[in-house]
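Asker: Model the structure of this input:
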Amino acid sequence: MMAPRTPDLRAQREAMQKLAFLVGKWIGKAHLLRSAAESVELIQTEEAQYKLDGLILTIEGTGKTISGGQTLLHAFGTISYDDASGIYSLRAFNDGRFLETEVKLLDQGKGMTWGFALGDIKTKSVLSINERGEWIEVAEIFIGSQPPKQLLQLTVRPQK
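Answerer: Got it, this is the predicted structure:
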């Protein structure tokens, strides 16, 4: 019987450093689709930090209503890198559920994309840092053969 392969921690940490552009506290606004007819504007915060000596990145996002400060969006995710497969994985939690998916880094650098599928519902998210240093994230939802709808759009800046 062969012993299990030993992970290459140095390779994992080096790969995870490609996500360093996310680290920090961010604040701004988000637009969230609540139903087919209603969207709401939120004050959005994002906090990203390395854990386990750089082997994982945690991201916590909170969106609160502008008028009453009610939390309408609260998500937490962990990103890790598997040096054997060369794949980044995201495990995201919100509303009492979790999903796992692959994250792909954008070719031009500071950005990534991922998506989820549940039955005939699919999502696609793209996150990038623009030329002004803002974290821009757009999530689309696809339901069956309907045209995609914008589920979420957020723009946050480093918190001073």
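
Asker: from memory Asp8 sits against Asp83, does it?
Answerer: Yes: contact criterion CB atoms under 8 Å: Asp8 and Asp83 qualify, at 4.4 Å. (C-beta placed from N, C-alpha, C; glycine too.)

Asker: Could you check which of those two has the larger neighbour count?
Answerer: Asp83 (16 against 12; other CB atoms under 10 Å).

Asker: A helix includes Gln17, no?
Answerer: Yes: membership of Gln17 in a helix is supported by DSSP: H, G, I helix; E, B strand; the rest coil.

Asker: How many neighbouring residues does it have?
Answerer: Using other CB under 10 Å, Gln17 is surrounded by 14 other residues.

Asker: ok, it touching Gly54?
Answerer: Yes: judged on CB under 8 Å, Gln17 makes contact with Gly54 at a distance of 7.2 Å.

Asker: which phi and psi does Phe21 have?
Answerer: Reported as degrees, to the nearest 10, the phi and psi values for Phe21 are phi -60, psi -20.

Asker: Helices of the chain, start to end?
Answerer: Here the chain has its helices, by DSSP state H, at 9-16.

Asker: Could you tell me which residues within stretch 80-92 count as buried?
Answerer: Using 16 or more other CB atoms under 10 Å as the test for burial, stretch 80-92 gives 80-81, 83, 88-90, 92.

Asker: then that stretch to CSV, C-alphas only?
Answerer: What follows is stretch 80-92, C-alpha atoms only, in CSV (Å, rounded to 0.1, in the frame of the first residue of the first chain):
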residue,chain,number,x,y,z
SER,A,80,-7.5,26.9,-1.3
TYR,A,81,-5.1,25.5,-3.9
ASP,A,82,-4.5,21.9,-4.6
ASP,A,83,-0.9,21.6,-5.9
ALA,A,84,-1.5,18.1,-7.3
SER,A,85,-4.3,19.2,-9.6
GLY,A,86,-3.4,22.8,-10.0
ILE,A,87,-6.9,23.8,-9.1
TYR,A,88,-8.2,26.6,-6.8
SER,A,89,-11.3,25.7,-4.9
LEU,A,90,-13.9,27.9,-3.3
ARG,A,91,-16.3,26.7,-0.6
ALA,A,92,-18.9,29.4,0.0
